[in-house]
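Engineer: below are the sequence and a predicted model for it; my questions follow.
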Amino acid sequence: MEVTVWSGWIAGLAIGLFVVLHFWLIGKPAGCSTGYGNVCGMLCKKVRYYHEGEYEAKNNIKLWFLVGIPIGGLIAGLTAENPWQISFDMGMYEQILPGSDAAKAIWLMFGGMLLGFGARLAGACTTGHALVGGAMLNPPSLLAGAVFFASALITTQLLFNT
């Protein structure tokens, strides 16, 4: 199966234009972690960890942004040249993940929870800090983006080059 990948400069330009256009149209920076927090807040209204009232609006743009991500992926998969297929192949991660699909699912869900906790602790996700905060030259976001990428490089080196 051959995968067609966009050229890096085209993808980067498209993401940059999206960030600017989103801010220009909506007046708020793009990002996923707030939308995820809003969904969690709607599901667990008794949890005071999420800001009260933040998830109440049904026309919350962050919720629509969060819903659009899997829908966009589904549309891209269904309209691709090659037939879309579900696979549990994790590529290079097969060598470090457990063998069974159930164990992989548990491990990846745990990793996802850590990511969500880290995003909430940092005040935004990687998208919010590195792309949006970086585009706005926000010093804390630039620092957070640098920490994200440095920790990713170190983790990759530890996992795959030991």
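Structural biologist: Thanks, I have the structure now.

Engineer: tell me where the chain has helices.
Structural biologist: Using DSSP state H, the helices of the chain run over 8-26, 33-43, 61-78, 101-122, 126, 134-135, 139-160.

Engineer: may I see the buried residues of the third one?
Structural biologist: Judged by neighbour count (16 or more other C-beta atoms under 10 Å), helix 61-78 contains these buried residues: 61-63, 65-66. Quick note: C-beta positions are derived from backbone N, CA and C, even for glycine.

Engineer: the fourth one too?
Structural biologist: Within helix 101-122, the residues that qualify as buried are 104, 116, 119-120, 122, counting by 16+ other C-beta under 10 Å.

Engineer: now the first one
Structural biologist: Neighbour counts over helix 8-26 (16+ other C-beta under 10 Å) mark 19, 22 as buried.

Engineer: contact partners of that helix?
Structural biologist: Outside of helix 8-26, the residues within contact range by C-beta atoms under 8 Å, 6 or more residues apart in numbering are 6, 28-30, 61, 131-132, 135.

Engineer: let me have the buried residues of helix 101-122 in a markdown table, adding pLDDT and distance to residue 15 as columns.
Structural biologist: Formatted as a markdown table, the buried residues of helix 101-122 follow (pLDDT from 0 to 100; distance: C-beta to C-beta, whole Å):
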| residue | pLDDT | distance to residue 15 |
| --- | --- | --- |
| 104 | 83 | 29 |
| 116 | 77 | 22 |
| 119 | 78 | 18 |
| 120 | 76 | 23 |
| 122 | 77 | 20 |
